[in-house]
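> Got a sequence here, can you model it:
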Amino acid sequence: MGTIGYVLGLSRRRLISVAIASSLALVAPQAAEGAERTSRALDRALDEVMDQPGSPPGLLVLMQRGREVEVRRRGVSDVESGAPMRARQHYRIASVAKAFSGAVALGLASDGKLRLTDTIGDWIPELLPRAQEVTVAQALQHTAGLADYIREDAFVEELLADPAGYFSPVELLGFVADEELGFTPGSRYEYSDTDNVVVGLIAERVSGRSYEELLRKYVLRPLRLRRTSLPRTVQMPNPFIRGYDLPAGEPPFDTSEVINPAGAWASGGIVSTARDINDFFRAYVSGELFSRRIGRSQEDFVVGSSQPPGPGRNRATLGLFRYRTRCGTVYGHTGSFPGYRAMGASTANGKRSIVFTVNSQIVPGQGSQEVSDLIRMAQEDAVCRLLR
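Presented below is the predicted three-dimensional model:
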């Protein structure tokens, strides 16, 4: 290149450098302004939840971007002591546990011990004789048509008679053993707690190991989730967030150690912490816990909402829901149990994640509908803050 060409080339590089620097100078304040805006919006949303009649005693939001962890909290984890909510306190994660059974099933499939097209008839035909054709994939996606044992009068009566009593998984299926399928498997979506009890029992049958052992093998040990367990009694591990019922006109009633989570088992019996749930979804959503081939089975979504509904528009896949919000998309699961409402989710690459915990079962049809709606809106504001 001649002298003139060199000078012109140099000038062009300088112009480009100046242009880039100018762009970055504009982007940095805009990014900071956007972060501040989402921060203020989330604070307002959380305050609004807590300012309503029928609000929960406390809530906690944990958000992680890369290695950066941000925690917002309101209220208390214990009404008597006034202790704040902490990310390492245990709580009942309810149907968020369904994502764990999804991880176990996909792990077994990765190891070649289970096919997602395997059916109830292949592995546990004696337990649900009217549902032989239901596949593992359909159960994980809630397109199986299985009756929900939690809605059966006989189950409710036994639970009320002895809330702390133990139910075995086989007993849980016994409440719907004679029920016809609600629809042709695979033809539509309908949320059912029976689905994940089926998945757990099939996992036990194909592996010859207990579901608790499978949880340890495929989830807890690989991710070092030392504060996550599947208890068989009402006792909570310390330290824990106390969960409350909120009877109108009365003080909050502590339900933390009243109902045995064995009545939910693989469908909702896990106890964990916000930290562990956060680590789990980062790994589960990004495909860290199973092969890429098996992970592709989670790419098909059907119209269906988690229970309670998650933020934005909900769609269901295997052991997971897609939550498409106004600010972007995360993948996760929600759940509720007497005393608790929970949510955990992550971006597809596992680099950004969120956990949202409330210590009262305020959901559609239970507690204040206004507060329930505000919680869901606050979850969306938290996702916007996460994705800022």
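> hey, where'd the helices end up in the stretch 101-250 of the chain?
Per DSSP state H, counting those that start in this stretch, the stretch 101-250 of the chain carries helices over the ranges 120-123, 136-141, 153-161, 169-174, 194-207, 211-215, 221-223.
> Buried residues of the shortest one, list them for me.
For helix 221-223, the buried set under the neighbour-count rule, 16 or more other C-beta atoms under 10 Å, comprises residue 223. No exception for glycine: its C-beta is placed from N, CA and C like everyone else's.
> ok, residues contacting stretch 252-262?
57, 79, 92, 159, 163-168, 230-236, 240-247, 268-271, 337-339, 360 (C-beta atoms under 8 Å, 6 or more residues apart in numbering).
> Now with 7 Å, please.
57, 79, 92, 163-167, 231-236, 240, 242-247, 269, 338-339 (C-beta atoms under 7 Å, 6 or more residues apart in numbering).
> Among those, which lie within strands?
92, 244-245 (DSSP state E).
> If you rank the residues you listed by neighbours, which is first?
Using other C-beta atoms under 10 Å as the neighbour criterion, residue 92 leads these with 30 neighbours.
> Which strand residues bridge it?
Residue 92 forms beta bridges with residue 271, as assigned by DSSP bridges.
> Kindly confirm whether my reading is correct that it touches residue 271.
Yes. Judged on C-beta atoms under 7 Å, residue 92 makes contact with residue 271 at a distance of 5.7 Å.
> Give me the buried stretch members for the helix or strand encompassing residue 382, please.
Following DSSP states H and E, the helix or strand that holds residue 382 is helix 369-386. In terms of neighbour count (16+ other C-beta under 10 Å), helix 369-386 has its buried residues at 371-372, 374-376, 378-386.
> And the helices in the stretch 251-388 of the chain?
274-286, 292-295, 369-386.
> what's the closest of the ones you listed to residue 41?
Of all these, helix 369-386 sits nearest to residue 41, with 5.1 Å by C-beta to C-beta.
> Out of the contacts of stretch 252-262, which end up buried?
57, 79, 92, 167, 231, 234, 236, 240, 242-246, 269, 338-339.
> Could you single out the nearest of the ones in strands among the contacts of stretch 252-262 to residue 221?
Set against residue 221, the nearest of the ones in strands among the contacts of stretch 252-262 by C-beta to C-beta is residue 92 (22.1 Å).
> show me the contacts for the closest one.
Residues near residue 92 by C-beta under 7 Å, 6+ apart: 243, 261, 271, 337, 339-340.
> By mean pLDDT, which helix or strand of the protein comes out lowest?
Across the helices and strands of the chain, mean confidence by mean pLDDT, DSSP states H and E is lowest for helix 3-51: a mean of 66.
> quick one: which of the contacts of residue 92 is nearest to residue 323?
residue 340 (19.1 Å).
> Which pLDDT does the model give that closest one?
Listed pLDDT for residue 340 reads 98.
> For it, which residues are in contact?
Taking C-beta under 7 Å, 6+ apart as the test, what residue 340 contacts is 91-92, 94, 243, 358-359, 361.
> again with residue 237
Taking C-beta under 7 Å, 6+ apart as the criterion, residue 237 is in contact with 90, 229, 271.
> How much space separates the nearest residue to the second one once chain neighbours are set aside from residue 261?
Put plainly, it is residue 229. Excluding its sequence neighbours, the residue lying closest to residue 229 (C-beta to C-beta, 6 or more residues apart in numbering) is residue 271, at 5.4 Å. Using C-beta to C-beta, to the nearest Å, residue 271 is found at 7 Å from residue 261.
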